[in-house]
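1. have a look; sequence and predicted model below, questions after that.
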Amino acid sequence: MDTAATGSARHPATDQPPRSTLPVILTGVVIVAMSISGTAVALPSIGRDLEASGAPLNWVVAGYNLAFAAMTLIAGSAADRVGRRRVFVVAALVFAAGFLATALSPSIIVIDVARIVSGAGGAGIMAAGGAILAASYDGAARNRAFALMGTMAGIGIAIGPTLSGLLIDATGWRGGFAVYTVVSLLVGLGATRARESRAEAGGPVDWTGSALFVAALSLLMFGLLEAPALGWLHPVILIIGVAGLACLALFGVMQRRSPAPVLAPALVTNRGFLGWSLATLTTSIGFLGVLVFLPTYLQSAADLSPSAAGAAMLLLTAPVLVVPMVAVTLVNRGVSPRLLIMIALALVVAGNLWLTALNADHAVAVVAAPLVMIGVGMGASFGITDGQAMALVPADSVGMAAGFLNTLRGAAEALVIAAFGASLTGLLSAKLGDAVRAAEVGAGRLTRGAEAVELDAFTWSWQLTQLGIGLLCLVLSVVVIALIRGRAATPGE
């Protein structure tokens, strides 16, 4: 007989969750984060080994993030209805299967499919994991739990590039992917000891809404990734774009009519929750483009080894190790979370705009300060946005809310990767006059004898793309500040 606790019933101090619950969830968060940042360092090696470039190579990262974004909201809603522990365990097994297939893949297409599978598993780990924490802890303890979740995500992002670079140098890119299979299986096994919980108001999963949401993101992502090769005004791209927007609009309409929506309309009309959610989207946009594409530039333009490029990325990722706990400590001691997020957004915007100075000469020295600024801003966001947002939603909706937050992160990551890659390839194609050559340069393969021309084009494309990212983050930051001007959530609420 299932003795699942409901989402609305908080457990008193005398009935604490099993001690293994938090460590298991945090380990799952680490490997999901590592799988995002570490893969970026492996792209040049995968491209050379499998002779891949352009959109097929970009899908190695983008496919993972697309599946993560599309499935996180669905996984969060499903966790509320069928059980948060159950979804977490199944997700860990799916995650492991995807990484095993990636390590054994004979072609880039198989890798792309396997990465989509892993992304779906990662979505369940993050959404169900956040819901388990929200259902198990209250007040300051919940703030600390989510700050630890942010810290562990930071650790994963921080060590992902470095560890992947070392593994690639030592064993090749396949060895790096194989590690995740074993760790994720252990996470799934450990999660079986966690307490089950679900919302009091269950009901069926909205499969139609789920399908529309997945279709919308998939179509928009496909259009962004394939547009540089086909042309932005190509009929196929235009049809895909219109279809994606139509699916998104229809999804919104159906959520208002569904008795068990994937995304409750009341959640997105909650001004404070939406503001904190957009804050995490903004910092993700400012962080992920640099995280994914800078390692390739450092290896091809600055001639760094995979391990050296991974080490250089610590300038971006290391601050995420410590800043989340610093931020939540300040909030718990009375510092305004709104002030902290405003500072974080300012750092992310300034750092991205500063990166327009990127060049191949002394590349690491040029990017050091802006990378640290972006890392600090992202770390502060990790530490406070989830706790502040989750304090503003009903207990029965914590799975949905956690799914929505991680969906926004995943969608931002997926779309910024697609848009960043499309911008780089499109600008390179315009500069070099050759779309095929542009895709290869964007993948880090410069032509012998033409390195100077291609390097100048690569740097120019990077600078303009980075300018666009910085300006987008600036606009979104203004919107965030306008939304969270009201009373902020306080610890223990």
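-> Received the coordinates, thanks. Numbering: from 1, shown residues only.

2. grab the nearest non-local neighbour of Leu57.
-> Using C-beta to C-beta, 6 or more residues apart in numbering and skipping the chain neighbours, the partner closest in space to Leu57 is Gly47 (5.0 Å). Placement of C-beta: from N, CA and C, glycine included.

3. count the neighbours of the one you found for me.
-> The tally of other residues near Gly47 (other C-beta atoms under 10 Å) stands at 25.

4. report pLDDT for it.
-> What the model reports for Gly47 is a pLDDT of 80.

5. same for the helix or strand hosting it, what does it pack against?
-> For Gly47, the element it lies in under DSSP states H and E is helix 21-50. Helix 21-50 is packed against helix 54-82, helix 84-103, helix 108-136, helix 139-171, helix 173-191, helix 271-300, helix 306-312, with contacts defined by 3 or more C-beta pairs under 8 Å, 6 or more residues apart in numbering; DSSP states H and E.

6. show me what contacts Ala123?
-> Counting by C-beta atoms under 8 Å, 6 or more residues apart in numbering, Ala123 touches 67-72, 74-75, 91, 406, 410.

7. one more time with 6 Å
-> By C-beta atoms under 6 Å, 6 or more residues apart in numbering, the contact list for Ala123 reads 68, 71-72, 75.

8. just the pLDDT for it.
-> Turning to Ala123, the model gives it a pLDDT of 85.

9. Leu250 now?
-> We have a pLDDT of 90 for Leu250.

10. name the nearest residue to it, sequence neighbours excluded.
-> Spatial nearest neighbour of Leu250, chain neighbours left out: Leu212 (5.6 Å); criterion: C-beta to C-beta, 6+ apart.

11. distance of the residue lying closest to Gly156 once chain neighbours are set aside from Gly375?
-> Leaving aside its chain neighbours, Gly156 sits nearest to Ala33 (2.8 Å; criterion: C-beta to C-beta, 6+ apart). Applying C-beta to C-beta, to the nearest Å, the value for Ala33 to Gly375 is 14 Å.

12. mind checking which of the two has more residues around it?
-> In this view Ala33 and Gly375 are compared by other C-beta under 10 Å, and Gly375 has more residues nearby, 29 against 25.

13. find the nearest non-adjacent residue to the more buried one, please.
-> Going by C-beta to C-beta, 6+ apart, Gly375 has Pro319 as its nearest residue, at 3.5 Å.

14. cool, and Val24?
-> Sequence neighbours aside, Gly190 is the residue nearest to Val24 in space, at 4.0 Å (criterion: C-beta to C-beta, 6+ apart).

15. thinking again about what came up before, so how far is Val82 from the residue nearest to Gly156?
-> In terms of C-beta to C-beta, Ala33 sits 25 Å off from Val82.

16. circling back: looking at the contacts of Ala123, which one is closest to Gln466?
-> Of all the contacts of Ala123, Phe68 has the smallest distance to Gln466: 23.6 Å, by C-beta to C-beta.

17. report the angle between the lengthiest helix in the chain and helix 108-136.
-> If you go by DSSP state H, the chain has its longest helix at helix 398-432. With axes from the mean of the first three to the mean of the last three C-alpha atoms, to 10 degrees defining the directions, helix 398-432 sits at 150 degrees from helix 108-136.

18. and the average pLDDT for helix 398-432 is what?
-> Here the average pLDDT along helix 398-432 is 75.

19. remind me what it packs against, helices and strands.
-> Here helix 398-432 touches helix 54-82, helix 108-136, helix 207-230, helix 271-300, helix 435-442, helix 451-483, going by 3 or more C-beta pairs under 6 Å, 6 or more residues apart in numbering; DSSP states H and E.

20. for Phe251, find the nearest of the ones you listed.
-> Closest approach to Phe251 among the helices and strands packed on helix 398-432 (C-beta to C-beta): helix 207-230, 4.1 Å.

21. next, the buried residues of the closest one.
-> Buried residues in helix 207-230, counted by 16 or more other C-beta atoms under 10 Å: 209-210, 212-229.

22. about what we covered before: out of the contacts of Ala123, which is nearest to Ser429?
-> Phe68 (28.5 Å).

23. so what's Asn270 closest to, chain neighbours aside?
-> Here the nearest residue to Asn270 in space, its sequence neighbours aside, is Leu392; by C-beta to C-beta, 6+ apart that works out to 6.1 Å.

24. assumed that neighbour was part of a strand.
-> No. Judged by DSSP: H, G, I helix; E, B strand; the rest coil, Leu392 forms no part of a strand; its state is coil.

25. quick check, it in contact with Gly275.
-> No. Under the criterion of C-beta atoms under 6 Å, Leu392 is not in contact with Gly275, lying 9.6 Å apart.

26. the more surrounded of the two?
-> Gly275 (24 against 19).

27. so who does the nearest residue to the more buried one once chain neighbours are set aside touch?
-> The shortest distance from Gly275 to any non-neighbouring residue, by C-beta to C-beta, 6+ apart, is to Leu483 (3.0 Å). Contacts here follow C-beta under 6 Å, 6+ apart; on that basis Leu483 touches 271, 274-275.

28. isn't the residue nearest to Gly156 up against Ile157?
-> Yes. Counting by C-beta under 6 Å, Ile157 is a contact partner of Ala33 at 4.7 Å.

29. hmm, back to that, now find how far off-centre the longest helix of the chain is within its chain.
-> With C-alpha atoms, centre = their mean, to the nearest Å as the basis, helix 398-432 stands 9 Å off its chain's centre.

30. use 137 as the first number for this chain going forward.
-> Happy to do that; since the first residue is 137 now, the last one works out to helix 534-568.

31. could you report the neighbour count for Gly569?
-> Residues near Gly569, counting by other C-beta under 10 Å: 10.

32. report the separation between it and Val589.
-> From Gly569 over to Val589 the distance is 11 Å, taken as C-beta to C-beta.

33. can you check Leu369 too?
-> 28 Å.

34. cool, Thr601 as well?
-> Distance of Thr601 to Val589, computed by C-beta to C-beta: 19 Å.
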